[in-house]
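Trainee: generate a structure from the sequence data that follows.
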Amino acid sequence: MEIFLSLFFKIIPLYVLIGIGYIGAKYFDIKRDSIAKVAIYFASPAIVFVGIQNADLSTNVIYFPIVFFLVSTFICLINLFFAQFLWKDSTKNLFAMASANGNLGYFGIPVCIVLLGEESLPTAVAATFGLIVFEYTVGYYVLARSNYTVRESLSKIFKLPAIYAFILGLLTNSFDLTVPAPISQTMDLMKGAYTPLGMMIIGLGLATVKLHHIDKKFISFSLLNKFIVWLGISLFLVFLDTNYFHVFNEMIHKVFVIESITPIAANTAAFASILNTHPEKASIAIFISTIVALVFIPLVLTSLSIF
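Mentor: All right, here's what the predicted structure looks like:
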């Protein structure tokens, strides 16, 4: 119980930031889109660059994004098939993406840092990169396949600053290049803004959600996949790697388990809004999954004795 409470209270500040975002939207007319642009185009590239530049590539952390991309794609496509028996409208597309898309960036990275320390940042960033690729390829295409082609969906990848930050971080790391002090200091400052902005975005989105938007079936199946199915797959893969393959180290195993039980990604609501694919359902499911994660993550990690 002591360990559970310790982890529980370490995560609480993240929810305070969500509350600040909610208050900002309700009483100060702060717009979610403006904050989201700052996070996506400035803070996100900074934390990706810093994380990859400082990564120890000998730990095979560079292969970790591939694992997350493949697992996300598998869950998304399997759920798209089964969802056709549950919904006849575009809810099935939203469900497929939501169940496969975790909030690794705004939630997973800060939780890993809080629970595992700064040394977990490169690994957490690597996993996030895998999800970014999923979001803007398979995930986005599944959500928008009636309106966009595969080529149009893939082209959106190259508009993400985080993609180029990842490449630059990898080059500076691989060739041991020195980053000029002003740039390095700026990146560190922007990195510090990433978590507050990301968690506030969730709160800003919640300010527009109404109770009648709740879809119990959608929420139930989304939570089942996001927490139980993801956890089962991550533990199975960690078991295989620990006992047979020996590809990844213990830090990657821990990050994998933590990142597998993050809430539904906040970007899911943004994509749903842009494509007019039940954005209200997405927003309320994200909120409920974020609340569930407050208890579920400490409970799982305590039960698994991961620390």
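
Trainee: what's stretch 249-262 in contact with?
Mentor: 59-61, 64, 67-68, 102-104, 107-108, 111-112, 115-116, 119-120, 123-124, 127, 226-227, 230-231, 233-235, 237-238, 241-242, 248, 293, 296-297, 300-301, 304, 306 (Cβ atoms under 8 Å, 6 or more residues apart in numbering). Backbone N, C-alpha and C define where each C-beta goes, glycine included.

Trainee: are any of those buried, and if so which?
Mentor: The neighbour-count test (16 or more other Cβ atoms under 10 Å) marks 59, 61, 64, 67-68, 102-104, 107-108, 111-112, 115-116, 120, 123-124, 127, 226-227, 230-231, 234-235, 237-238, 241, 248, 293, 296-297, 300-301 as buried among these.

Trainee: among these, which lie within helices?
Mentor: 64, 67-68, 111-112, 115-116, 123-124, 127, 230-231, 234-235, 237-238, 293, 296-297, 300-301 (DSSP state H).

Trainee: in the chain, what helix or strand scores lowest on average pLDDT?
Mentor: Sorting the helices and strands of the chain by mean pLDDT, DSSP states H and E puts helix 150-155 at the bottom, at a mean of 74.

Trainee: how far is the next helix or strand after it from where the chain is centred?
Mentor: Downstream of helix 150-155, the next assigned helix or strand under DSSP states H and E is helix 161-174. In terms of Cα atoms, centre = their mean, to the nearest Å, the centre of helix 161-174 is found 19 Å from the chain centre.

Trainee: then stretch 222-240?
Mentor: 15 Å.

Trainee: model confidence over it, on average?
Mentor: The pLDDT scores in stretch 222-240 average 96.

Trainee: still on that earlier bit, list the contacts of the least confident helix or strand of the chain.
Mentor: By Cβ under 8 Å, 6+ apart, the list of residues contacting helix 150-155 reads 136-137, 140-141, 144.

Trainee: what about 6 Å?
Mentor: 137, 140-141 (Cβ atoms under 6 Å, 6 or more residues apart in numbering).

Trainee: ok, now stretch 43-50?
Mentor: The contact list for stretch 43-50, computed with Cβ under 6 Å, 6+ apart, reads 125, 161-162, 165-166, 169, 187, 190-191, 193-194, 197.

Trainee: mind picking the two most distant members of those?
Mentor: 169 and 197 (19.9 Å; Cβ to Cβ).

Trainee: and those two? which has more neighbours close in?
Mentor: In terms of neighbours (other Cβ atoms under 10 Å), residue 169 is the more surrounded of residue 169 and residue 197; the figures are 24 against 21.

Trainee: isn't the more buried one up against residue 55?
Mentor: No: between residue 169 and residue 55 there is no contact under Cβ atoms under 6 Å: 7.8 Å.

Trainee: please tell me the pLDDT value assigned to residue 219.
Mentor: Reading off the model, residue 219 has pLDDT 95.

Trainee: what does residue 144 give?
Mentor: At residue 144, pLDDT is 81.

Trainee: tell me how many other residues surround it.
Mentor: Neighbour tally, residue 144, other Cβ under 10 Å: 22.

Trainee: that one against residue 275, yeah?
Mentor: Yes: here residue 144 reaches residue 275: they are 4.9 Å apart, a contact under Cβ under 6 Å.

Trainee: still on that earlier bit, by neighbour count, which of the contacts of stretch 43-50 wins?
Mentor: That'd be residue 125 among these, by other Cβ under 10 Å, with 32 neighbours.

Trainee: contacts only, for that residue.
Mentor: Here residue 125 is in contact with 48, 51 (criterion: Cβ under 6 Å, 6+ apart).

Trainee: repeat that for residue 295.
Mentor: With Cβ under 6 Å, 6+ apart, residue 295 has no contacts at all.

Trainee: skipping adjacent residues, who's closest to residue 64 in space?
Mentor: residue 126 (4.3 Å; Cβ to Cβ, 6 or more residues apart in numbering).

Trainee: whoops, residue 14 was the one
Mentor: residue 199 (5.3 Å).

Trainee: tell me which element that neighbour falls in.
Mentor: helix 181-206.
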